[in-house]
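Asks: Pasting a predicted model and its sequence here:
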Amino acid sequence: MKKKILVFLSMYPEEGGKFQYSITLLQNLRKLDENLFDVAAFYTSDLWKTYLLKFGIRGYEILNTENPWYRRFRKLFVDIFPFLWLWRKISRYVSRIYRQLDSLKPDLVFYPGGENLSYELDLPSVVPIFDLMHRYENFPEVRERAIYRSREKHYKNVCKYAKVILVDSRVGFQHLIECYSVRRERIHVLPYIAPSYIRSTEEDVDVIRKYNLPEKYIFYPAQLWRHKNHEGLLHAIALLREQDILVNAVFVGSDKNAGQDIRQLTNKLNLREHIFSLNFVSNEDLVALYRKAVALVMPTFFGPTNIPPLEAFALGCPVITSNIYGIPEQVGDAALLVDPNNHGDIADKIRTLWNDDRKRQELICKGYQKDMESNQQRFSATLASIIEDTLNY
């Protein structure tokens, strides 16, 4: 009898990496052996219909939101006391979503966005933990008291109730062991790969003309969080200007808690003519921005690993990124690594690629090789192996 695999789809494009990760999982679950597995999805937004049709996966809309009594009982058992173990037993009788998912009698349910339902519903769940940076870094977006407590509660529940936990790297694996009591056999490493749209966009949009950009620029696609370290990059660009090296930078990403500080620092350092902030752009524009850039420069403070370097590798864009956590393992010798706290180090690496086309071409070649090592086929094979091991465990 075929094993039934469900995917719960609730992410939106504005959620960035989680949305792309959901697409990647969905696409690769479709590649499972059809003689052994039956894959279907439940979705909360019609935007997922396009992807389900594209990948040939049967989809079901979540038909009803939970009623007010459900929400009151949930708050009582999950948020106030909490008695999550008891709520998991009760929810099978009162949750409309549970009844919809359970109607297909799934052997595994994937929650690619790490949704709370992964532990609030008593179904065998597969849940990614993208990072535990609230335990390792002191930024307000993860360390502010309410956010820290919320993350702690969430990850403890995932670790207690998920059948399988997915992490991005060996460092991510070790972080999970260090922070929470999890049996090693429940944790599986599934490294990120570049999203599929990176390879499906063939013709470049003329982004130079469309956004009135300079012909030569470095690129950083990231939401404007403090941990992304746009400010460190601005300081590095200012240092280069003191050496008569005028570097332009294009930022793509929605405004978050560092947005105002970034704008003020740009003005203070007198860099307004060199910094271009585009907010949210389409996938087609993003691909073109990578291809035109001198380099991706990502001096982030967060890991364990990140997706933009993988996108850059696939698109022939040299990479400068941080020498922290699992990033050195992820990028190998295909990127220049920097200390994100050292503005001079960031400036030195930018100067190298800004002035040395031979070094750029060397990194581009190494990036293509790295991209081949982390391709769809390897991701699919690893994912299939994880599922088979889990169902046989």
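Replies: Yes, it's here. Numbers count the residues shown, from 1 in each chain.
Asks: Could you pull out the buried residues of stretch 171-188?
Replies: 171-173, 175-176, 179-180, 182, 187-188 (16 or more other Cβ atoms under 10 Å). Any C-beta I mention is one placed from the backbone N, CA and C, and that applies to glycine too.
Asks: Where does pLDDT dip in the protein?
Replies: Filtered on pLDDT under 70, the chain yields the residue ranges 64, 201-203, 393.
Asks: Break the chain down into its structural domains.
Replies: 3-193+375-392, 199-373 (automatic domain parsing).
Asks: if you compare those domains, which one is most tucked away?
Replies: Of all those, domain 199-373 has the most neighbours on average by mean count of other Cβ atoms under 10 Å, namely a mean of 19.
Asks: Start and end of it, how far apart?
Replies: 15 Å (Cα to Cα, to the nearest Å).
Asks: And that domain, how far out from the chain middle?
Replies: 17 Å (Cα atoms, centre = their mean, to the nearest Å).
Asks: Next: stretch 101-121.
Replies: 20 Å.
Asks: what about it, how long is it end to end?
Replies: First-to-last distance for stretch 101-121 - Cα to Cα - comes to 10 Å.
Asks: residue contacts, Leu383?
Replies: 25, 28-29, 190 (Cβ atoms under 8 Å, 6 or more residues apart in numbering).
Asks: give the contact list for Arg351.
Replies: 240, 243, 245.
Asks: Let's see which of those residues end up in helices.
Replies: Using DSSP state H, the subset of the contacts of Arg351 located in helices is Leu240.
Asks: The closest residue in space to Tyr136 that isn't next to it in sequence: helix or strand, and which one exactly?
Replies: Of all residues not flanking Tyr136 in the chain, His175 sits nearest, at 7.3 Å (Cβ to Cβ, 6 or more residues apart in numbering). In the assignment (DSSP states H and E), His175 maps to helix 170-179.
Asks: List of residues touching the next helix or strand after that helix?
Replies: Next along the chain after helix 170-179, taking DSSP H and E as the criterion, comes strand 187-189. With Cβ under 8 Å, 6+ apart as the test, strand 187-189 has contacts from 164-170, 172-173, 176-177, 386, 389.
Asks: Name the nearest of those relative to Tyr217.
Replies: Asp168 (28.7 Å; Cβ to Cβ).
Asks: Wait, that closest one touches Tyr325, no?
Replies: No: counting by Cβ atoms under 8 Å, Tyr325 is not a contact partner of Asp168; they are 9.9 Å apart.
Asks: anything in contact with each of the two?
Replies: 304-305.
Asks: For the residue nearest to Tyr136, give me its contacts.
Replies: Contacts of His175 (Cβ under 8 Å, 6+ apart): 131-132, 135-136, 167, 304.
Asks: Out of the contacts of Arg351, which is nearest to Thr266?
Replies: Closest to Thr266, out of all of the contacts of Arg351 and judged by Cβ to Cβ, is Leu240, at 14.7 Å.
Asks: pretty sure that closest one is touching Val247, no?
Replies: Yes: taking Cβ under 8 Å as the definition, Leu240 is a contact partner of Val247 at 5.2 Å.
Asks: Determine how far the last residue of stretch 315-325 lies from the first.
Replies: Span of stretch 315-325 from end to end, Cα to Cα: 24 Å.
Asks: Need the residues touching each of Leu240 and Val247.
Replies: 350, 354.
Asks: Doesn't Ile5 lie inside a strand?
Replies: Yes: per DSSP: H, G, I helix; E, B strand; the rest coil, Ile5 lies within a strand segment.
Asks: Could you check how far it is from Trp48?
Replies: 16 Å (Cβ to Cβ, to the nearest Å).
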